[in-house]
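Asker: Next come a sequence and a model predicted from it.
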Amino acid sequence: MKNLRNLTLGLLLAGLCFTGVDAQVNNRVSAKNAMDDFGKLQQSNPAGAKNKLLEAKKYIDLAAAHDETKNDPKTLFYKGQIYFYVSMLSGAKDAQFVEFDAEATGKEAFAAWKSAMANKNKKYDPKEDIYRMIFVPHTMSYQMGAKAFEKQKYDSAALYFESCYELMNVMEVLDTLSCFNAGLAYDYHGEALTKKCAADKSTDCPEANKMYNKSADMFKICADAGYQGSDLISRYAEVLTKAGKKDEAKAVIQAGRAKYPKNSALAIAEFNYYLSIGDNEGAEKALAEAIKINPKDALLYFNAGAIYDEMKRYDDAKKAYENAIAINPNYFDAYFNLGAMYYNQAVDIYKAINDIKDNAVYDKEKARADALFKEAIAPLEKARTLNSKDKNNLIMLRTIYARLNMQEKWSEVDKAIKNG
């Protein structure tokens, strides 16, 4: 009798164990059935479809939490499927899914599919199901990303494009286009947040920095794959600089320059890097290298002029601006900067002579300032012919005409300023 009792108890315990497993399998089946209904109701009853998706998530969470079924490839496949759709609706700011974190939920979906692939067995290989599953979501996610990007909703666009990248990554396929677009969207969203922080007069902008870092992560993947060559390396370095990782940016630029020594975009990226850290000498060298590579680029000469101007190397600045104008005779900014360079020097002299007591010295310095004002007239007047509405240009001309007693011209410009 004792043996019989033990056998009966053993069978009962075994029955309880099998019942536990069956319950989790039933939860998985219930999740699948709810997902089938989700698909059927999307057109006729969108709200009902979303309720079915939430129901599916409830059941799959139970199955995925149980030791007996959490590593089963079918459980993991369905979890990936359900979490992917939850992530998409959360990313789209759907009212029924606001409680979910789109990014975190999406990552769980991809992790589940990767685990499903890793845990495949003789009974079930999820590869074909995952492939069929990701084709439509990939297409849909890419289209939604493109629409969001077009509407300048860069945060949503980044999530959609990164989802596309992650979807193909499950199948061990590198989707460089989606990866690049995600990096670009994160970068643009970071810039939007930076502008908002500036408007709020906030010196700290951690969310923008987070976006720049995400952008850098995506661009690194593309750069390592050789996508877009030197252009992508330039973008990667730029976004690293925005993220405050200037040493990393420098290393990326130098590696890119070694790989593409004749590429002017990388030389310009190097110039921008040195400019961002206040190293004018380094910027000058990088710009000179860029000009060697592309001597017909007016912008390069213009940038050289701006650097020389800041370094008070006015003869070099004048030559650089004139080179820019020689390449592009209608280059407003070059004419404006050349005139402003003379104008600013004259203004500085006028400020200084107020403290001069010696009349002879005063007259000499005033004559020098007036000569610089005269030098400024031609480029500023030419700039006006190219853009008659630029207010800064008009104000400088009015000041010069007043200082040099050019009454008729002063009246005409003053009227133009007042009339807007």
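Answerer: Received it, and whenever you're ready, just let me know what you need.
Asker: So, low pLDDT: which residues of the chain?
Answerer: Applying pLDDT under 70 to the chain flags residues 1-25.
Asker: Tell me how far the residue nearest in space to the middle of the chain lies from residue 241.
Answerer: Of all residues in the chain, the one closest to the mean position by CA atoms, centre = their mean is residue 187, 0.8 Å from it. To residue 241, residue 187 is 11 Å away according to CB to CB, to the nearest Å. Heads up, the C-betas are built off the backbone N, CA and C, glycines and all.
Asker: about what we covered before: pretty sure the residue nearest to the centre of the chain contacts residue 211?
Answerer: Yes - using CB atoms under 8 Å, residue 187 is in contact with residue 211, at 7.2 Å.
Asker: Quick check: neighbours shared by these two?
Answerer: Common neighbours of residue 187 and residue 211, counting by CB atoms under 8 Å, 6 or more residues apart in numbering, are absent.
Asker: So the residue lying closest to residue 181 once chain neighbours are set aside, which state does it fall into?
Answerer: Sequence neighbours aside, residue 161 is the residue nearest to residue 181 in space, at 4.2 Å (criterion: CB to CB, 6 or more residues apart in numbering). Three-state assignment for residue 161 (DSSP: H, G, I helix; E, B strand; the rest coil): helix.
Asker: Use 5 as the first number from now on
Answerer: With 5 as the first residue, the last one maps to residue 165.
Asker: what's near enough to touch residue 165?
Answerer: Contacts of residue 165 (CB under 8 Å, 6+ apart): 145, 146, 149, 153, 182, 183, 185, 186, 189.
Asker: Helix or strand: which one has the first one?
Answerer: What it means is residue 145. In the assignment (DSSP states H and E), residue 145 maps to helix 131-154.
Asker: Give me the helices and strands touching that helix, please.
Answerer: Helices and strands touching helix 131-154, by 3 or more CB pairs under 8 Å, 6 or more residues apart in numbering; DSSP states H and E, are helix 77-95, helix 106-122, helix 158-174, helix 180-203.
Asker: and the longest one, which residues are buried?
Answerer: Spelled out, that is helix 180-203. By neighbour count on 16 or more other CB atoms under 10 Å, the buried set for helix 180-203 is 180, 182-198, 201.
Asker: Equivalent analysis for the second one, please.
Answerer: Within helix 106-122, the residues that qualify as buried by neighbour count (16+ other CB under 10 Å) are 106-107, 109-121.
Asker: which one among those residues gets closest to residue 363?
Answerer: Nearest to residue 363 out of the buried residues of helix 106-122 is residue 107 (CB to CB; 72.6 Å).
Asker: so who does the nearest residue to that closest one once chain neighbours are set aside touch?
Answerer: In space, and not counting its chain neighbours, residue 107 is closest to residue 163: 6.3 Å by CB to CB, 6+ apart. Residue 163 sits next to 91, 95, 106, 107, 110, 149 when contact means CB under 8 Å, 6+ apart.
Asker: Most widely separated two among the residues you listed?
Answerer: Counting by CB to CB, the most remote pair of the contacts of residue 163 is 107 and 149, 14.0 Å apart.
Asker: one step back: now for the buried residues of helix 106-122: which two are most distant?
Answerer: 106 and 121 (23.2 Å).
Asker: right, and residue 309 touches residue 329 too?
Answerer: No - the pair residue 309 / residue 329 is not scored as a contact, 9.8 Å apart, by CB under 8 Å.
Asker: Report the set of residues contacting both of those two.
Answerer: By CB under 8 Å, 6+ apart, the residues touching both residue 309 and residue 329 are 338, 342.
Asker: more crowded one of those two?
Answerer: Taking neighbours as other CB atoms under 10 Å, residue 309 and residue 329 compare with residue 309 leading, 27 against 20.
Asker: Check the gap between the more buried one and residue 409 for me.
Answerer: Taking CB to CB, one finds residue 309 at 30 Å from residue 409.
Asker: what do you get for residue 286?
Answerer: Residue 286 is 45 Å from residue 409, by CB to CB.
Asker: what do you get for residue 278?
Answerer: In this structure, residue 278 and residue 409 are 44 Å apart, going by CB to CB.
Asker: the more surrounded of those two?
Answerer: Between residue 278 and residue 409, counting by other CB under 10 Å, residue 278 is the more crowded of the two (20 against 8).
Asker: Surely the more buried one and residue 294 touch.
Answerer: No - using CB under 8 Å as the test, residue 278 is too far from residue 294 to be in contact (11.6 Å).
Asker: contacting residues for the nearest residue to residue 240 once chain neighbours are set aside?
Answerer: Closest residue to residue 240 apart from its sequence neighbours, by CB to CB, 6+ apart: residue 223 at 4.0 Å. By CB under 8 Å, 6+ apart, the contact list for residue 223 reads 184, 187, 236, 239, 240, 243.
Asker: gap between the two ends of stretch 68-80?
Answerer: 7 Å (CA to CA, to the nearest Å).
Asker: what does it contact?
Answerer: Contacts of stretch 68-80 (CB under 8 Å, 6+ apart): 24-25, 28-29, 31-32, 64, 67, 83, 116-117, 119-121, 123-125, 128-130.
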